[in-house]
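A.B. asks: Using only what follows, build the 3D model:
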Amino acid sequence: MRAILLFQLICFAMFALVSGFVTKAEAQEELGREEAERLDGEHEKAEARASALRKNVSQVRAEIADIQQQLIALAARRSTQQEALNDTEERLEGLAFQETVILNKLDEERASLMDLLAALERAGMSQPPALAISPDDANAAARAALLLSAAAPEIEARADTLAQTLQNLNAVRLDINDEQDRIVLQGKTLETSTNTLQELLAQRQKLQQSLGEGAREAARQAQVYASRASTLRELIDQLEATARRFSPRRKPPRDRDANAGNSPSPRQKPDPEAVAGLDRFIAPSGRFADSRGLLRLPVKGRVSHAFGQAVDRPRQSGLVVQARRGAQVTAPFDGQILYAGLFRNLGRLLILNVGDGYHIVIAGLERSFVVSDQLVLAGEPVGELANRSKPPPELYLEFQKNGRSIDPAPWLSKGDSGG
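C.D. replies: Modelled structure (predicted):
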């Protein structure tokens, strides 16, 4: 009997032990399911956040692209408006000079006429001599009368000349008033465009900053390199080395001809017919190497010093363009801003990476609209020159291929005045 009870107790204990193990296992399994469901939920939330972030980044980039197109169109209008205003100011200066010349001429003619009239007046006031007393005085009186008679046509001619000069002066002053009114209107139009430009640039900068802090760090690092580098080549090498370590270089998207087989080979000037209907300053392939003879100068003006002919040594590796005061500067090609800031004797400059080992250096800026690591499109405003006429502002343009300076002239469109 005692053995049976002992056996029952042992069986009951074993049953309780097994039941405990099963309950614990079921509990652990339930906890595992809950944890898996929680992790799945967090993963779904993370995926949703990532998707929203990607969508937001895509939307921001689309907004930036839209602003870039607006900037390009606005830059073209501002260039035309600025050129018209400068032309009006030059005409006004010419009219002011004409007015000065006419006034000086008028003073001379008035003085000459007054001298002649004074002489005739003195001759006319003389008393006629008595013929019985002095026949010689009578001869003198006759000669005086003949002189008065002969002077009349000259007086009339001088008076007509004086009247014509006064008419010319009046016409010039009317033209001056017209040009002054035109300057006021053109100035207001340009001011409106400038305000729009500033607003678009501010929007673009805000959107650019929303993409991350990389641009700030790139700008800070670029400034450090610029303070240490002694030459442009050294600066570009350092910037490119840093860019290769941290991020691949990019070029902004642009609609191109997808038929690469029809695009010209590098180092050859494209057939003008091959680029008909497209941007004349961009090759269909989108490659800088294919754009020889198509690029526009970054600023409207004339080349004052060709490649290697500048007086100062720092600018002998490129060409110098003399422009009008306050002229806007645009990117000559799609690319990424490698550096924007001051550098040595070249002043404020931009270094644009346009791919395939090519770089464009634009120096002499008074203001810059872009920052390091920013993408720009051809025709997009990137800065402006000094707002002065004497001496006129100058822009320095240098092209480099794998660190070696090359003549920009073969890349520029013939007869192009820039902008």
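
A.B. asks: Neighbours of the closest residue to P314 other than its chain neighbours, how many?
C.D. replies: Among residues not flanking P314 along the chain, N345 sits closest, at 4.7 Å (Cβ to Cβ, 6 or more residues apart in numbering). Yep, even glycine has a C-beta here, placed from its N, CA and C like the rest. Using other Cβ atoms under 10 Å, N345 is surrounded by 9 other residues.

A.B. asks: Low-confidence stretches in the protein?
C.D. replies: 1-55, 116-117, 119-152, 212-216, 245-284, 415-419 (pLDDT under 70).

A.B. asks: in it, which spans are helices?
C.D. replies: 2-125, 135-210, 214-228, 232-246 (DSSP state H).

A.B. asks: Let's see the last one as CSV, backbone CA atoms only.
C.D. replies: C-alpha atoms of helix 232-246 as CSV (Å, rounded to 0.1, in the frame of the first residue of the first chain):
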residue,chain,number,x,y,z
LEU,A,232,44.5,76.4,-58.7
ARG,A,233,45.8,73.0,-59.8
GLU,A,234,46.7,72.2,-56.2
LEU,A,235,43.3,73.4,-54.9
ILE,A,236,41.4,71.3,-57.5
ASP,A,237,43.5,68.2,-56.8
GLN,A,238,42.7,68.4,-53.1
LEU,A,239,39.0,69.1,-53.7
GLU,A,240,38.7,66.2,-56.1
ALA,A,241,40.6,63.8,-53.8
THR,A,242,38.2,64.7,-51.0
ALA,A,243,35.1,64.3,-53.3
ARG,A,244,36.3,60.8,-54.4
ARG,A,245,36.6,59.7,-50.8
PHE,A,246,33.2,60.9,-49.6
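
A.B. asks: Please list the outside residues in contact with that helix.
C.D. replies: With contact meaning Cβ atoms under 8 Å, 6 or more residues apart in numbering, helix 232-246 is reached by 221-222, 225-226, 228-229, 249, 317, 338-339, 343, 346, 351, 353, 359, 361, 398, 400, 403.

A.B. asks: try 6 Å
C.D. replies: With Cβ atoms under 6 Å, 6 or more residues apart in numbering as the contact definition, helix 232-246 has outside contacts at 225-226, 229, 249, 338-339, 359, 403.

A.B. asks: ChimeraX command to pick out the buried ones of the residues you listed?
C.D. replies: The buried residues among the contacts of helix 232-246 can be selected in ChimeraX (16 or more other Cβ atoms under 10 Å) with this line:
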select :225,226,229,338,339,359
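
A.B. asks: Give me the subset of the contacts of helix 232-246 lying in strands.
C.D. replies: 338-339, 359 (DSSP state E).

A.B. asks: possible to save those as TSV with distance to S368?
C.D. replies: Listed next are the ones in strands among the contacts of helix 232-246 as TSV, based on distance: Cβ to Cβ, whole Å:
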residue	distance to S368
L338	13
Y339	10
H359	17
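
A.B. asks: and which of these is nearest to L297?
C.D. replies: H359 (17.0 Å; Cβ to Cβ).

A.B. asks: ok, now which ones touch that closest one?
C.D. replies: Contacts of H359 by Cβ under 6 Å, 6+ apart are 236, 351, 353, 400.

A.B. asks: let's see it at 10 Å
C.D. replies: By Cβ atoms under 10 Å, 6 or more residues apart in numbering, H359 lies in contact with 232-233, 236, 239-240, 288, 335, 338-339, 351-353, 398-403, 405.

A.B. asks: are any of these buried, and which?
C.D. replies: Here, 16+ other Cβ under 10 Å leaves 232-233, 236, 239-240, 288, 335, 338-339, 351-353, 398-400, 405 buried among the contacts of H359.

A.B. asks: gap between the nearest residue to L190 once chain neighbours are set aside and A327?
C.D. replies: In space, and not counting its chain neighbours, L190 is closest to Q81: 4.7 Å by Cβ to Cβ, 6+ apart. Distance, Q81 to A327, by Cβ to Cβ, to the nearest Å: 12 Å.

A.B. asks: What is the burial count for the residue nearest to V311 when sequence neighbours are not counted?
C.D. replies: Distances taken as Cβ to Cβ, 6+ apart put H305 closest to V311, at 7.4 Å, once the chain neighbours are dropped. Residues within reach of H305, counting by other Cβ under 10 Å, total 18.

A.B. asks: tell me the contacts of H305?
C.D. replies: The contact partners of H305, by Cβ under 10 Å, 6+ apart, come to 311-312, 315-316, 318-322, 394, 396.

A.B. asks: Looking at those residues, spot the one nearest I183.
C.D. replies: For these, the nearest to I183 is Q322 (22.7 Å; Cβ to Cβ).

A.B. asks: okay, now the closest one: neighbour count?
C.D. replies: Around Q322 there are 16 residues (other Cβ under 10 Å).

A.B. asks: do the same with the one 10 residues further on
C.D. replies: By the other Cβ under 10 Å criterion, the neighbourhood of P332 contains 29 residues.

A.B. asks: Beta-bridge partners for the closest residue to it other than its chain neighbours, please?
C.D. replies: Of all residues not flanking P332 in the chain, L295 sits nearest, at 4.9 Å (Cβ to Cβ, 6+ apart). Listed by DSSP bridges, the beta-bridge partners for L295 are L412.

A.B. asks: got it, and R302?
C.D. replies: Under the criterion used (DSSP bridges), R302 bridges to Q322.

A.B. asks: What's the local residue count around it?
C.D. replies: 11.

A.B. asks: doesn't Q322 make contact with it?
C.D. replies: Yes - between R302 and Q322 a contact is recorded at 5.7 Å, counting by Cβ atoms under 10 Å.

A.B. asks: Now which of the contacts of H305 would you call buried?
C.D. replies: 315-316, 318-322, 394, 396.

A.B. asks: Can you name the two of the residues you listed that sit furthest apart?
C.D. replies: Farthest-apart pair in the buried ones among the contacts of H305 is Q316 and Q322; separation 16.4 Å (Cβ to Cβ).

A.B. asks: Between Q81 and A327, which is the more surrounded one?
C.D. replies: Comparing Q81 with A327 by other Cβ under 10 Å, the one with more neighbours is A327, at 27 against 18.

A.B. asks: That concludes my questions; thank you for your assistance.
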